[in-house]
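Peer 1: what's the 3D shape of this:
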Amino acid sequence: MKLALRFGAAILVSLLAAPTAAQPSRCASYGFHRIEDEGRSLAGAARPIHFGLWLPSGCRGRWVTRRDLARDSHVQTGETEAAITGVEQTGPALSAALDRPTGAVRAPARLQPRRRPLVVYIHPTVVQAAPIAEALAREGFAVASFAWRGSFGQAFDVGISGLISEMLDAQAIIRELVRRGIARERPIFVIGMSFGALTALCLAQADPRVTALVSHDGGITTPTGVRLSPLCPYFAAERPRAQALFLYDASYAGTTWAVADPLTRLRRRALAIPVLEHRDYVGTVLLRAEADPVMTDREARVRNFRAMSAATVAFLLCVRDRRPEGCDISLP
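Peer 2: Below you'll find the model as predicted:
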């Protein structure tokens, strides 16, 4: 990708455009859900887990706004709007960006059982996960995304307890969606952003239904990952039997493959993304490009996120469809 490529104002606007009257025939629906894991307790009660769920849908209904997603993200993390959006300045630009419709309509209160291939998107809030989740839902996936705290009642630990806690949250969501007939029993796909990539790898080793994982600037390739990943209770060289796509920051000098190299049955493809900030691996980079007047290199960063998103969707489609030519994905 040529970062020197300059976008005109009209091109940038088209990249960030909201849904218009000329909608595609395939859309996504979005709903926000809470379940309780009876096997674990938090402050004396069953552990609550809040997650967003995107499903294939028709295009009729009320469009979900980014403000809706920001409110749900607050429930997930308890963080302020500035922390959730990454935009410190309030004002008309941020307000307009938050009120812009997303690419999803509000899901009905009662979801009809219909088993779909499941993607579990680990670590981002729903406002961060939305662009990729919507794109996958339009392709026929059910996409469940939960944030790194599970609920704001428990602080996150960047350690083995945090990894295991996050994996147990993922397992509880999978059980619930399979039980309700919304997701298929197999195969299951996982996306892990940042520390969530460690969780995704541990989950893939614990659950043989996981056939593909995608790491977005994941901790797997960091010194923290080298220390923590082998502490996963299921870590072993013969696991997981899955295909993996690693999207990582080419500018990070500490990138290491010490964890992935010994996993002999993990078929991996690694693609370097030129110079992104860590938080640009999630969809709030699009919101900031509209609302943050001091954001630097916005065109290049939006372009990189779009390319990363396209590669993620193409990879998971390829694995789902079992294409005979293999899943040799490149950046658009």
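
Peer 1: so which helix or strand takes in the closest residue to V210 other than its chain neighbours?
Peer 2: Spatial nearest neighbour of V210, chain neighbours left out: A204 (4.1 Å); criterion: Cβ to Cβ, 6 or more residues apart in numbering. Every residue, glycine included, has its C-beta placed from N, CA and C. For A204, the host element (DSSP states H and E) is helix 196-206.

Peer 1: hmm, who's touching that helix?
Peer 2: Helix 196-206 has contacts (Cβ atoms under 8 Å, 6 or more residues apart in numbering) with 120, 122-124, 148, 163-164, 166-167, 170-171, 190-192, 210, 213-220, 224-225, 228-229, 232-236, 239-240, 242, 259.

Peer 1: among those residues, name the ones in strands.
Peer 2: Under the assignment DSSP state E, these contribute 120, 122-123, 190-192, 210, 213-216, 242 to strands.

Peer 1: widest-spaced pair of the residues you listed?
Peer 2: The span of the ones in strands among the contacts of helix 196-206, defined through Cβ to Cβ, is set by H123 and A242 at 18.2 Å.

Peer 1: which one of the ones in strands among the contacts of helix 196-206 is nearest R138?
Peer 2: Distances from R138 to the ones in strands among the contacts of helix 196-206, taken by Cβ to Cβ, are shortest for I191, at 15.8 Å.

Peer 1: and that closest one, how close does it get to A200?
Peer 2: Computed as Cβ to Cβ, to the nearest Å, the I191 to A200 distance reads 7 Å.

Peer 1: then L266?
Peer 2: 12 Å.

Peer 1: can you list the buried residues in stretch 180-195?
Peer 2: Neighbour-count burial for stretch 180-195, counted by 16 or more other Cβ atoms under 10 Å, picks out 182-184, 187-195.

Peer 1: closest to T255 among the residues you listed?
Peer 2: Nearest member of these to T255, counting by Cβ to Cβ, is S194, at 13.8 Å.

Peer 1: which parts of this protein are helices?
Peer 2: 9-15, 66-77, 81-85, 92-99, 126-138, 160-179, 196-206, 223-228, 284-291, 298-321 (DSSP state H).

Peer 1: what mean pLDDT does the fifth one have?
Peer 2: Helix 126-138 comes out with an average pLDDT of 97.

Peer 1: could you flag which of the contacts of helix 196-206 are buried?
Peer 2: 120, 122-124, 148, 163-164, 166-167, 170-171, 190-192, 210, 213-220, 225, 228-229, 232, 235, 239-240, 242, 259.

Peer 1: how many residues are close by the residue nearest to G283 when sequence neighbours are not counted?
Peer 2: Spatially, and ignoring its direct neighbours in sequence, G283 is nearest to P131 (3.8 Å; Cβ to Cβ, 6+ apart). Neighbour count of P131, defined by other Cβ atoms under 10 Å: 20.

Peer 1: P131 and T90: what is the separation?
Peer 2: Distance check for P131 against T90: by Cβ to Cβ, it reads 23 Å.

Peer 1: tell me the bridge partners for the residue positioned nearest the centre of the chain.
Peer 2: With distances taken as Cα atoms, centre = their mean, Y121 lies nearest the centre of the chain, 4.0 Å away. Beta bridges link Y121 to S145, I191, judged by DSSP bridges.

Peer 1: give the contact list for it.
Peer 2: Counting by Cβ under 8 Å, 6+ apart, Y121 has contacts 129, 132-133, 143-146, 190-191, 193.

Peer 1: number of nearby residues for A172?
Peer 2: The burial count for A172: 21, using other Cβ under 10 Å.

Peer 1: A82 too?
Peer 2: 12.
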